[in-house]
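Asker: Next one to model:
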Amino acid sequence: MAYSFAIRPVGHQTFADEDEQIRKCKEWGLLTDKSSRMKTFYYKGNGLNESCTIVGYVDDVTAVIGFGDGTLHCIHPSYLKEMQASQFGAKPAAPSDEPAEAAVEPTEIAGGPDGDAAANASSNRKDGEAAADQTDDEAAVKRTAPKSSKSGSGKIKLPEDKVRMRAVVEQFTTVPNHFADEDDEVIVYGNVVIEELGVELGSAWSSHSATLKKMELQVGDALTFEAKVAAKKLTRHPVPYKINNPSKIQKL
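Answerer: Numbering: from 1, shown residues only. Predicted coordinates:
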């Protein structure tokens, strides 16, 4: 793959070892102070969503990441941190089958955080314009849901027992665990549906358990499984539901 957008470093410092890599990532806020190992980072700009490696830096505000083919790219650490959010670059559902517009990355390092903010502000304006153009019929369709799935307050009524579900792996990430030396590994899912009830949950998360690790899941994998689901938000992520004890897991 050709990364035409890549801002290749003219000169940069590579990390001497993993300890230096971890220390620098903590300075940038990409890892928590208690982290003792690196985690997987994802680049989600320019229509991509793929893992990348932080290989070094040009200066204190310019990280250098590497893609699978060896291409190097300069990026502001704060912008890379924003990309780790599960909803980064998400767009409202459109009536057509055309792909959603990709998030735009600032093209100059000198823009720094202000350049990133400008890009996000532009994206937000476009989202608002798109929402304003929706017809009353489209809004009514979005509000429609099976009566059995909602309580009187309009919130989704979750089943108490295990149910058959399907979902798509959206992201692998970690969350702080204040009672352990290492962060907890979790999986974020998208397009989550309770098949038995026909209820769409949207996004949910689960622990990256030993059982799930054996399946060697990748971003984009579609799954079916049986599990309990609870209204429990993922720390520091806009993911409202937790999937507990998934079993009978199958890849689609």
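Asker: Start from the N-terminal end of the stretch 1-150 of the chain and give the helices.
Answerer: 18-27, 77-83, 112-132, 136-143 (DSSP state H, counting those that start in this stretch).
Asker: Rounded mean pLDDT for the shortest one, please.
Answerer: Put plainly, it is helix 77-83. Helix 77-83 shows a mean pLDDT of 91 in the predicted model.
Asker: just how off-centre is that helix within its chain?
Answerer: Relative to its chain's centre, helix 77-83 lies at 12 Å (CA atoms, centre = their mean, to the nearest Å).
Asker: re earlier: ranking the helices of the stretch 1-150 of the chain by mean pLDDT, which is last?
Answerer: Minimum mean pLDDT among the helices of the stretch 1-150 of the chain: helix 136-143, a mean of 42.
Asker: Beyond it, next helix or strand please.
Answerer: strand 163-175 (DSSP states H and E).
Asker: who does that next one pair up with?
Answerer: Using DSSP bridges, strand 163-175 pairs in its sheet with strand 184-194 (antiparallel), strand 222-230 (antiparallel).
Asker: how many degrees apart are the next helix or strand along the chain from the shortest one and strand 184-194 in direction?
Answerer: Okay, so that is strand 222-230. Sequence-wise, the next helix or strand downstream of strand 222-230 (DSSP H and E) is strand 241-251. Put simply, strand 241-251 runs at 80 degrees to strand 184-194, going by axes from the mean of the first three to the mean of the last three CA atoms, to 10 degrees.
Asker: ok, and what's touching strand 241-251?
Answerer: Strand 241-251 has contacts (CB atoms under 8 Å, 6 or more residues apart in numbering) with 158, 162, 165, 167, 189, 192, 201, 203-206, 211-212, 215, 221-232, 234. Every C-beta, even on glycine, is put in place using the N, C-alpha and C of the backbone.
Asker: Point out where the stretch 101-250 of the chain drops to low pLDDT.
Answerer: 101-154, 178, 180-181 (pLDDT under 70).
Asker: can we see that at 90?
Answerer: 101-160, 174-184, 195-200, 209-211, 214-215, 235-238 (pLDDT under 90).
Asker: circling back to that earlier point, which entries within the contacts of strand 241-251 meet the buried criterion?
Answerer: Taking 16 or more other CB atoms under 10 Å as the criterion, what is buried in these is 158, 162, 165, 167, 189, 192, 201, 203-206, 212, 221, 223-229, 234.
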